[in-house]
Each structure stands twice: as structure tokens, then as C-alpha cells.
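K.L.:
need a structure here:
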Amino acid sequence: MLKSKDLTALVLSLGLIGSAHGDSMLTFEMGGPKQEKETRTVSITGRWLRIDSDQPSASDYTLMDTGRMLMFEVNDKEKSYKQTHMGRYYWPKDVKPKLKPMREKGVVAGKRCRKIHEVVGAKHALNHCMLPGTDLGLDERSTKTLSRLYQVSRRMQLDWIGAMTPDERQISISSQDLESGASLKFTSIVHKGIPDNQFKIPDTYQRIKVEQKKYKH
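P.N.:
Below is the predicted model:
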């Protein structure tokens, strides 16, 4: 096992940094022992991201503003949306993942990544394979946006089990929960311009109010 005070240096040692892009579309496969495999597409432009799934759910797609920390669950059929605050005043204090880099490297969808063990309490609870966002061709802002998706998922107990480093520069492209068997795996990425209307909610849609408890930290 590697021991280091600097996770960033360890993960950045994976290889050369390629070209960085603004708009990007990443595809992930998610599943588990009792869960049908699901493909999700994460479209990123700046601080905004959009999540689309090939499986039916309560919302048709989800938008996140990772700058203002707002989430919008949009239902096109009912022409409505729910807005949720994702900031620290609305959710319990963040629990930073305790990550232990391993010597082994892996390959996921042709991308080399560092194998990481995540420890919860004193238990090895999750496996990750992590790399710098630049190795996916993401620019600094887009990497931060994807990192905050993972952060928000932990805070709000969503089902994205990916990990991120505190500096928001490295993210996991493969993750597995050893207890539940839930998994997340990056499968592909496309860099291309995304129309602005993909990140906008029509003015005619009705906002459904969501009650949220505020926490004091």
C-alpha cells in the first residue's frame, strides 16, 4: 500500500495531460445485484450538468447548478420541476471520503487510473479507480462540476457512489460498494458543443415547492 500526504501527486502521476475541452458528455453504467443495469449520460457545460437515464424515473432529467448548488428535477410530461438546495446549510455536514491509494493501476474504457480503497470507519468499504479530469479531456471547471456531483450524492444520499479528492481535480471512473454490490463505471466521453436549451427549464413549467430543513454546522 502506498503512503502519502499528497493524494493529488499520486493520482497525477498516472500519465500525460491531454487537451482540455469545455462541453462534454460522459456515459456511465450503473448497477447492482438487485438492480437492472442503467445507462446515464452526464452533460457538462461550465458549472452546469444535466443527467439523463435510459430507465424511467419520477423526473425526465435532472439539472444541477454546481456553482449556486441548486438541483432541478424536471418532468416534461407534467410540465413541472422541483428545485432543491444542495448547499451545506440545507444538508448535514460533509463527510470527506478517506481514500487509500494502492500501487496497482487499472484500465477503464481505455483510460488508465489508480486503484483506490475507501475506508469507512475502520473498514475497507468501497473500491475506486481514479484519475485527473484532464486525462478524460475535461477542463478544470468541468472536472470540478463532475466532482461536485459525487459530493452532492454523498451529502444527499443519492446513488452516485463515485469518489473525489478534496481539491476537486481527481474523480473516480469506476466504483464499487463492497457491501451493497452497487457499481458505477465510466464507458465513454464525447467532447462537443451542447445547445444552451439543454440546461434551461421552459418558463411555462410550474415549480413544485420542496420543504427543506436547514442545518447549523
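K.L.:
Following element in sequence after the lowest-mean-pLDDT helix or strand in the chain, please.
P.N.:
Lowest mean confidence among the helices and strands of the chain (mean pLDDT, DSSP states H and E): helix 7-12, at a mean of 41. Along the chain past helix 7-12, the next helix or strand (assigned with DSSP states H and E) turns out to be strand 24-32.
K.L.:
Give the rounded mean pLDDT of that following strand.
P.N.:
When pLDDT is averaged along strand 24-32, the result is 96.
K.L.:
What is it packed up against?
P.N.:
Contacts defined by 3 or more CB pairs under 8 Å, 6 or more residues apart in numbering; DSSP states H and E place strand 24-32 against strand 35-45, strand 183-191. From N, CA and C alone the C-beta is placed, and that goes for glycine too.
K.L.:
got the ones you listed as CSV, with distance to Lys79, mean pLDDT and mean neighbour count columns?
P.N.:
What follows is those, written out as CSV (distance: least, CB to CB, whole Å; pLDDT from 0 to 100; neighbours: other CB atoms under 10 Å):
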stretch, distance to Lys79, mean pLDDT, mean neighbour count
strand 35-45, 21, 94, 17
strand 183-191, 29, 98, 17
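K.L.:
Would you reformat these as CSV and include distance to Lys77?
P.N.:
Compiled in CSV, the helices and strands packed on strand 24-32 are given as follows (distance: least, CB to CB, whole Å):
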stretch, distance to Lys77
strand 35-45, 19
strand 183-191, 27
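K.L.:
for the protein, what spans make up the helices?
P.N.:
In order along the chain, the chain carries the following helices (DSSP state H): 7-12, 140-156.
K.L.:
What sits closest to Asn127 if chain neighbours are left out?
P.N.:
Nearest in space to Asn127, with sequence neighbours left out and distances taken as CB to CB, 6 or more residues apart in numbering, is Gln176 at 4.8 Å.
K.L.:
give me every residue that touches the one you found.
P.N.:
Applying CB atoms under 8 Å, 6 or more residues apart in numbering to Gln176 gives the contacts 126-128, 161, 182-184.
K.L.:
who wins for neighbours among those residues?
P.N.:
Highest neighbour count within the contacts of Gln176, by other CB atoms under 10 Å: His128, with 27 neighbours.
K.L.:
how near is that one to Asp159?
P.N.:
Distance, His128 to Asp159, using CB to CB, to the nearest Å: 15 Å.
K.L.:
now do Lys93
P.N.:
Taken as CB to CB, the spacing of Lys93 relative to Asp159 amounts to 21 Å.
K.L.:
likewise Leu26?
P.N.:
Applying CB to CB, one obtains 16 Å for the distance of Leu26 from Asp159.
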